[in-house]
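**Q** Here is my input, please return the structure:
(chains A and B, ligands or ions: 2)
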Amino acid sequence: MTQLADAGPAPSPDAAPGAERGPRRPRAVYVLGVVVLAILAYLVLSPLFYLAWRGLTTGEGFSLANISAAYSVEGTPEMLVNSFVFAFGSAAVSTVSGTALAFFCVRSNAPLKPLLYAASIVPLIIPGILFTIAWVFLLSEDVGVINILLRSVGLDFLQIDAFSLLGMALIDGMHLSPLVFLLMFAAFKATDPALEESALMSGASVPSVIRKVTLPLVRPALFGAILVMVVRGLESFETPAVLGIPSGNWVFTSRIYQALHTYPVRYDIAAIYSISLLLLTVAGLLFVQRVNRRGERFQTISGKGFRPRPLDLGRWRWPVSVLFALYFVVVVVLPVAILVWMSLLPYYQTPSIDALDTLTLRNYERMFDMPGVVDAVRNSAILAVTSATAVMLFTSVVAWFVLKSRMRGARFLETLASFPLAMPGLVLGVALIFIYLRSPLPIYGTLLILFIAYVTRYLPYGIRYATSSLGQVSAELEDSAQMSGATWRDTFRRVVVPLMAPGIVAGWVYIVVVSVRELSSSILLYSQDTRVLSVTIWELWENGETGVLAAVGVVMVVALMILVGVAYKLGARVGVRDL
Amino acid sequence: MLQVDALCKAFKEETASKHDRVHAVDDVTFTVEEGQFFTLLGPSGCGKTTTLRCIAGLERPDTGEIVVDDHVLFSHDRRISIAANERNLGMVFQSYAIWPHMNVFDNVAFPLRVGKRRRTPKAEVTERVERALNVVELGHLAGRYATKLSGGQQQRLALARALVIEPKLLLLDEPLSNLDAKLRESLRFELKRLQREQGITTVYVTHDQSEALSMSNAVAVMKDGRISQLGDPFDIYLKPANPFVADFVGTTNFIDGVVREQTPDGWVVHTADGPLTVAATSGVGVGDECVVCVRPEHVEVLRDDSSTGGDNVLTGEVQTRLFVGEAMEYQVRLPNSQLQCRTPAAARLSSGKPVSLHLPPAHCTALPRPEARAGSR
Ligand SMILES: Nc1ncnc2c1ncn2[C@@H]1O[C@H](COP(=O)(O)OP(=O)(O)O)[C@@H](O)[C@H]1O
Ligand SMILES: [Mg+2]
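**A** Ligands and ions are numbered 1, 2, ... in the order given. The predicted model follows:
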């Protein structure tokens, strides 16, 4: 902000009138600024514009007819109720598990902490579509392994059906709990243990300290996390599509998908539902922002550093750890194990000793014969690499404008680049269809439209990595280059870029990872020749090819874990650690 | 060599209303002669760094003129503003600003590889960098990564980088403030030796009065963006022009009084504790309210056995004493005020003891009261 301060026209009348500005920058910088703004505005604002336009016009011009049409579709009230029940249910599951994990990870002396950490992060690495499919085989009414086990020991009443709303919320919540973990991890880390210690010294017991001091202190963060998770629940596509469509538990996202996959295609309904969903997510995230801003008052981060002091759990140490080990088994080991099991069978069988005889690597071979799988790998790789590269290069320039250019209004660029965070993938997909379906440019049905979707979706991540790594390049490092005689370009090329590089690489790897996982935009934008991996898995699922699906999934999970390991190592160096 | 004329720079206040501006530098004028070591001294926030950055070209002044060697670097009236990278000045930043992704050699070679000097032949680069590194005694660390250096080494590296372009002017912004006390003192001599050997004109910024006094040829004491007093270190310390300088540079006792008459020995000032003769005044005349300044180490403590009073002798009793190693410091309570004085450690007086204090007129100065000066800003 300080840099922006003296960029404005000097209000005092004696300020240099029209004298050229201080350390001169080439005029090209201003041109570049305008170009950056234009690209950002195009990527972020044109989808909004087309959505609104398509939603609020019919053939005869402006009209609200689409709204009434969309909301009078049979089952709409149920869909609305389901959407919220599902979103809040998923948020409840993820908030409770994520917060508990974060608390015990940061603030307790529970043993097996590395396991705790793994349990908290790994679910996010498994693509949502694979996670959900794995859970079909763990929790569906008849074939679900867990349900079969429960029945065999006579605990029938504990059964949950994956295809019920409860099962959907549970599965989605488990998959999203790492996000809460990361948010709350930071919040617990930022709490000054002296506040708790003084409560202990006043004679409070450990549970009452947690209840009366620790939790109230992180309440704003917790509230923010819940809201974020509700928004994510509303946006969630994989679980509602795999589990909700067959069982008739419709929500916004599955309705949008369905509207575009019926005959005749109902663009009007897709547009209205997209707009509704977008309004909800934007409102939710704006609210989060307000909560966070108010939470700053609450912040206990004092200037001096402190280490979070672990609470002594006493005799609860081991019970707590066993509980979390169990959690790890449920959310990480079981889904991956069932995928591996499926991938080794010619056709699906419930795990048993007998089935061991039929184990084979056939599926891993068939993977290569299957039409489209190899192409999908290639397309996914091309898209991931190009969009990650484009996003990081572009956001580095944006970050430079935001932090260093001293140009007025540069902050707006950051807001613009962060906006897609509020745009559900499916909604972006719908908007891009509207833009390019009738566009004279041959973009629809090519990899380019997927590229545009990925770049738009991952701008917010790129800008976060880029600003935080550029933020580390202090102004004096640049000033001293200038004093050494370096021109603006020298400084950028030889000082700024090399110093930002580790953060940029970390962001790049991260975007590669999320691009490979991407389903909710791709599912609307792919064509015969531009299938990507997640879409292929979706199609294999629809065709009942569970064996090959599992084989592809196992390979994908292993590859993603390696990539995430790299990203995590690099990210730690620049202080960005969320996934 | 360096002329700074009527320099002004204001910043917009972040928090306050729109038209509030911080006058970081407010009409600053000074001249630095060839080969001089010139120091800007003042409390934090008084505008030293801003002044230095204006000279460097990193900050654009609102008005004024900056000339180095008859070469106009900035002139508001003539609409001249040379970019920082074309001013050919060397600067050491408070944080040193060592580039962490380069080793020692590359850090120093950087200025010879960019901008106008980018075509410097390789052999010459090597030769000049080695020379600069040897001057600061870092020659043996050329291949080391810059982040692996200690604080003192980083400071010297920053200096080598500033010197390698053989600048016309060296600008130093509190280069010693990030070091611990012992190192600071040894580097102070080092820096002064280097400056003298290289004969390089230097503008030095510090808030540490002993650094300023021990190293400089000339000192400008700054307050609120203005120069409060400009002079050589002896003048600044011994003949402060106003109570602010007297207080900021060293410790000083202030005794309120009124100038009554001028005598052949100086001026007589009436204070609540008796008349005092002072040898010098600055800015006050007969009849004016004033403060008498006297440094603790100039107060002579007389054992109060034969005390009969006399010229410039005040009596009181020891209130507290402090042993500070090389000396004893006493707070002496006078009937209407308090004085701090400093004696060799050997002469110890206990608390509550009555004492007489002699204030030698030669070391007493009468200055205007701060209130009388207030209102200028
Ligand atoms: N970039 C800036 N924007 C706004 N105010 C500034 C800026 N730089 C300095 N100031 C203000 O100008 C005044 C002088 O600052 P500075 O020159 O850094 O002081 P010093 O170096 O003597 O400690 C301070 O009040 C400071 O807050
Ligand atoms: Mg400063």
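**Q** From the contact counts, what lies against the helix or strand where residue A:82 lies?
**A** Using DSSP states H and E, residue A:82 falls within helix A:76-107. Helix A:76-107 is packed against helix A:113-121, helix A:165-189, helix A:215-235, helix A:252-260, helix A:317-328, with contacts defined by 3 or more CB pairs under 8 Å, 6 or more residues apart in numbering or on different chains; DSSP states H and E. Backbone N, C-alpha and C define where each C-beta goes, glycine included.
**Q** switch to 7 Å and redo it
**A** helix A:113-121, helix A:165-189, helix A:215-235 (3 or more CB pairs under 7 Å, 6 or more residues apart in numbering or on different chains; DSSP states H and E).
**Q** what residue ranges in chain B score low on pLDDT?
**A** B:13-19, B:304-310, B:371-377 (pLDDT under 70).
**Q** residues contacting the nearest residue to residue A:129 once chain neighbours are set aside?
**A** Of all residues beyond its chain neighbours, the one nearest residue A:129 is residue A:238 (4.8 Å), with distances taken as CB to CB, 6 or more residues apart in numbering or on different chains. Contact analysis of residue A:238 by CB atoms under 7 Å, 6 or more residues apart in numbering or on different chains lists A:128, A:129, A:132, A:519.
**Q** ok, of the residues you listed, which one's closest to residue B:37?
**A** Residue B:37 lies nearest to residue A:128 out of the contacts of residue A:238, by CB to CB, at 67.3 Å.
**Q** Give me the number of neighbouring residues for that closest one.
**A** For residue A:128, the neighbour count with other CB atoms under 10 Å in any protein chain shown is 24.
**Q** That one contacts residue A:175, doesn't it?
**A** Yes - Residue A:128 sits in contact with residue A:175 when judged by CB atoms under 7 Å, with a separation of 5.9 Å.
**Q** okay, the helices and strands packed on helix A:76-107, which one's buried deepest?
**A** helix A:165-189 (a mean of 23; mean count of other CB atoms under 10 Å in any protein chain shown).
**Q** For that one, the averaged confidence score.
**A** Averaging pLDDT along helix A:165-189 gives 89.
**Q** Same check on stretch A:545-553?
**A** On average, stretch A:545-553 scores 91.
**Q** Could you grab the helix/strand/coil label for residue A:470?
**A** Going by DSSP: H, G, I helix; E, B strand; the rest coil, the secondary structure assigned to residue A:470 is helix.
**Q** Tally up the residues packed near it, please.
**A** Neighbour number of residue A:470 under other CB under 10 Å is 22.
**Q** helix/strand/coil for the nearest residue to it once chain neighbours are set aside?
**A** In space, and not counting its chain neighbours, residue A:470 is closest to residue A:399: 4.6 Å by CB to CB, 6+ apart. Per three-state DSSP, the local secondary structure of residue A:399 is helix.
**Q** again with residue B:66
**A** Going by three-state DSSP: residue B:66 is strand.
**Q** What is the nearest of the contacts of residue A:238 to residue B:208?
**A** Once CB to CB is applied, the member of the contacts of residue A:238 that ends up nearest residue B:208 is residue A:128, at 60.4 Å.
**Q** Leaving out chain neighbours, which residue sits closest to the closest one?
**A** residue A:238 (3.7 Å).
**Q** For the stretch 151-300 of chain B, just list every one of the strands.
**A** With DSSP state E, counting those that start in this stretch as the criterion, the stretch 151-300 of chain B has strands at B:170-173, B:202-206, B:218-223, B:226-231, B:253-263, B:266-271, B:274-278, B:280-281, B:289-294, B:300-303.
**Q** OK, contacts around the residue nearest to residue A:470?
**A** Counted by CB under 7 Å, 6+ apart, residue A:399 has contacts A:463, A:466, A:467, A:470.
**Q** how about the helices in chain B?
**A** Here chain B has its helices, by DSSP state H, at B:48-56, B:104-113, B:122-135, B:151-163, B:181-198, B:209-215, B:233-238, B:243-248, B:370-373.
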